[in-house]
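**Student:** Give me a 3D structure for the following:
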Amino acid sequence: MIVLENLTKIFSLHGSSQTVADNINAVFPTGSSVALLGRNGAGKSTLLKMIAGTTKPTRGRVWSDGTISWPVGFAGSFHGELTGAQNVRFVARIYGADSDELVDYVGEFAALGDRYHVPFSTYSSGMRSRLAMGCSMGIRFDTYLVDEVTSVGDAEFRAKSQQVLMDRLRNSSAVVVTHSTEMLTRLCNMGGVLNKGRLTMFDDVRDAVKYHEYIMGVPDTVGD
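**Tutor:** As a prediction, this is how the structure comes out:
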């Protein structure tokens, strides 16, 4: 379970401010996968980062009674001078995973060949995505944070990543951000719509999608 208590995030720049989270109170139940919807710039990724603990709220707090992943597929924390395999081994040690098992899993999943053993700084963006996705899927979490995972890699790799993620979610929860409503309805059972700093929760993801489309001005979505 993840609980948001009076969660507030205000960005200030050049004398002006923007509130992306305005005293949000919400519960993401254990065993539920929650779709997070909202227009571009609403603050969905920022909210996900606050849940992950990588961005501090202005006020309020996030707490959980289980383990939470970093945003799935995020490659920003890998060290450029270490090889892909060395980075994976380091991550395994941080999260208490078996380092040899994780290195083997990511090596097979990412399919980088000999490039797995050269410095991360030499990787293309696609190679970085493969390594990051493999590392994300190789460690079991109670809740996975998913931010636009459908954009990772080529079509074949995206399909493989989505299938493995769906397998993980049979025994784990998730908070999912993506522009693909088809992906949301496949992965999630609940939904939340972030609009003007307020988060409106729905027990049925389809109702969340309808409300989001209503806010976006899509006709014939509410009141049918």
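**Student:** where does the most centrally placed residue in the chain fall, phi/psi-wise?
**Tutor:** Closest residue to the average C-alpha location of the chain: residue 146 at 2.2 Å, with CA atoms, centre = their mean. Torsion angles at residue 146 (phi, psi; degrees, to the nearest 10) stand at phi -120, psi 120.
**Student:** Spit out the contact partners of it.
**Tutor:** The contact partners of residue 146, taken as CB atoms under 8 Å, 6 or more residues apart in numbering, are 71-72, 165, 174-178, 187. C-beta: built from backbone N, CA, C; applies to glycine.
**Student:** The residues you listed in strands, which ones?
**Tutor:** Taking DSSP state E as the definition of strands, the contacts of residue 146 contribute 71-72, 174-177.
**Student:** Most neighbours among these, which one?
**Tutor:** Neighbours were tallied for each of the ones in strands among the contacts of residue 146 (criterion: other CB atoms under 10 Å), and the maximum of 29 neighbours falls on residue 176.
**Student:** ok, for it, nearest residue in space, not its chain neighbours?
**Tutor:** Using CB to CB, 6 or more residues apart in numbering and skipping residues adjacent in sequence, the residue nearest residue 176 is residue 146, 4.4 Å away.
**Student:** From residue 162, how far off is the one you found?
**Tutor:** When distances are taken as CB to CB, to the nearest Å, residue 146 and residue 162 turn out to be 10 Å apart.
**Student:** hang on, the earlier thing: could you dump the contacts of residue 146 into a markdown table with pLDDT and distance to residue 15 added?
**Tutor:** Converted to a markdown table, the contacts of residue 146 look like this (pLDDT from 0 to 100; distance: CB to CB, whole Å):
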| residue | pLDDT | distance to residue 15 |
| --- | --- | --- |
| 71 | 84 | 31 |
| 72 | 85 | 36 |
| 165 | 88 | 42 |
| 174 | 94 | 38 |
| 175 | 95 | 33 |
| 176 | 94 | 35 |
| 177 | 92 | 30 |
| 178 | 87 | 34 |
| 187 | 88 | 41 |
